[in-house]
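Chemist: Any chance you could fold what I've pasted below:
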Amino acid sequence: MNNPNEPRDAKKSVTNPSNHPANTNPQPIPRADSGVNPPQASSSSAAGPAKRRFIPLYLARLEPMRPSTIIDQDPVFESGSAAKFLGVSVDCLKKWRQRGHGPDYFQYEQNGAVRYLLTDLVAFREAHRVDVQDKPRGSRK
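Modeler: Numbers count the residues shown, from 1 in each chain. Below is the predicted model:
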């Protein structure tokens, strides 16, 4: 009837190419907690190292994981990169920070490194944009 040392139909083992899942009709993937143990290879010291006798279907059907892609929507800039983005010098950014002006920034310790978010730099640049068409034109003398 059912031999506990042989895999069930749902857990057929791949022993030759004709049993490989790619060569047969798809079968349901067995649950990992079904309690059925695969047959153990007989250990014989005279025969040399033990060879794998089968690959369970649930392992043969596993697909490799695809790497996830992480996109930072709001990157962080150091002072030098932020200064280049705004078109000013690093010393100018430092003076703005000391005087309470300039774009918002992060500083994690008293004298720690300063970092700027891209959205803060863009907002600061847009807030200081001068639209020439909105200015009233004065007369030349």
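
Chemist: Tell me how far the closest residue in space to L117 that isn't next to it in sequence lies from I55.
Modeler: Using Cβ to Cβ, 6 or more residues apart in numbering and skipping residues adjacent in sequence, the residue nearest L117 is D74, 5.4 Å away. Heads up, the C-betas are built off the backbone N, CA and C, glycines and all. As judged by Cβ to Cβ, to the nearest Å, D74 and I55 stand 46 Å apart.

Chemist: These two: who's more crowded?
Modeler: Taking neighbours as other Cβ atoms under 10 Å, D74 and I55 compare with I55 leading, 16 against 9.

Chemist: tell me the contacts of the residue nearest to L117?
Modeler: 117-119 (Cβ atoms under 8 Å, 6 or more residues apart in numbering).

Chemist: rerun that using 10 Å as the cut-off
Modeler: Residues in contact with D74 (Cβ atoms under 10 Å, 6 or more residues apart in numbering) are 117-120, 122.

Chemist: Same check on L121?
Modeler: Neighbours of L121 in contact, by Cβ under 10 Å, 6+ apart: 77, 81-83, 85-86, 102-105.

Chemist: Could you tell me whether it really is in a strand?
Modeler: No. L121 is assigned helix when assessed by DSSP: H, G, I helix; E, B strand; the rest coil, not a strand.

Chemist: Please enumerate residues in contact with the single longest strand found in the chain?
Modeler: Using DSSP state E, we find that the single longest strand of the chain is strand 114-117. With Cβ under 10 Å, 6+ apart as the test, strand 114-117 has contacts from 74-79, 81-83, 85-86, 90, 93-94, 97, 102-108, 123-124.

Chemist: is it true that K95 touches S89?
Modeler: Yes. The pair K95 / S89 is scored as a contact, 9.2 Å apart, by Cβ atoms under 10 Å.

Chemist: Fine, thanks again, bye for now.
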